[in-house]
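K.L.:
predicted model follows, preceded by the sequence.
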Amino acid sequence: MLATSCRIAVTRASAAGAPLCFRRLNGEDRHALAVHLQELCGWDRVARWGSPRTDAEIDAECRGFDFRPRLGNVVGFGAVTGSGRIAGAALTWRLPDGGVTLAVSVSEPWRRRGIASELMACLVPGGLLGLGASTAEVSFEAENTAMRRLLRGLKAHVLFGTGRAMVTV
C-alpha cells in the first residue's frame, strides 16, 4: 500500500507574511519545482546533484518526474506559497541499484524557518514507505551544518567526517 501522508501546516509568517502549505507534489507541480530548483545557487546545485546542473538539465529532469502514487515513482512534498511558488521541496526516489535516496532544498529567502524539517517530517514516512523502503541514504557536503542539524533531528545515523547519513522510518 502506498503511503498517503499529507501534513498541512502553516509556518511562521514569511518575509511577505504569507503562509505555506506543506503537501504532496503532483504532476501539475513539475514547472514550479523546476523554477524552485533553478533558483538554487551554484554551490547548492553541486550539493544537491554532486555536480553543477544547467537550468535546461533541471527543467528536463523535472518534466520526467512521475509523481503518480505508484511503487517506485518519485515521491515529493513541497512547501507551497499561496501563489503556487515552491519555497522548499523534499524528494525521494529509488536508485538503479535498488537503494533509496532523498534530497531536500529550500530557497534562500525561506531558510531558517523550519521548512526543511517540516518537509522531511512529511517525506520520511510518506515517501520512503511509498517506495517500499524503510531506509534511505542522504549525501551532502561534509561542511553543511544545516543538513547535519536536520538529520540529527530526524535521528538519522550521520557518518562523521563524510557527507553521508542513513535515515530510517
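P.N.:
Right, received. Where do you want to start?

K.L.:
pairing partners for the top strand by length along the chain, with directions?
P.N.:
Using DSSP state E to define each element, the chain has its longest strand at strand 86-94. The sheet places strand 86-94 alongside strand 75-81 (antiparallel), strand 100-106 (antiparallel), with pairing taken from DSSP bridges.

K.L.:
between those, which one is closest to Val46.
P.N.:
strand 100-106 (12.3 Å; CB to CB). Backbone N, C-alpha and C define where each C-beta goes, glycine included.

K.L.:
what are the contacting residues of that closest one?
P.N.:
36-37, 40, 44, 48, 79, 87-95, 115-116, 119-120, 123-124, 127-128, 131, 133, 135-139, 147, 150, 167 (CB atoms under 8 Å, 6 or more residues apart in numbering).

K.L.:
as a whole number, average confidence for it?
P.N.:
Across strand 100-106, pLDDT averages out at 85.

K.L.:
contacting residues around the closest residue to Trp110 other than its chain neighbours?
P.N.:
Ranked by CB to CB, 6 or more residues apart in numbering and with sequence neighbours excluded, the top spatial neighbour of Trp110 is Ala87, at 4.2 Å. Contacts for Ala87 (CB under 8 Å, 6+ apart) come out as 14, 20, 36, 78-81, 106-107, 110, 115.

K.L.:
any of these buried? List them.
P.N.:
Among the contacts of Ala87, those classed as buried by neighbour count (16 or more other CB atoms under 10 Å) are 14, 20, 36, 78-81, 106-107, 110, 115.

K.L.:
and Leu150, how far from Met120?
P.N.:
Distance, Leu150 to Met120, by CB to CB, to the nearest Å: 6 Å.

K.L.:
same question for Pro109.
P.N.:
As for Pro109, its distance to Met120 is 20 Å (criterion: CB to CB).
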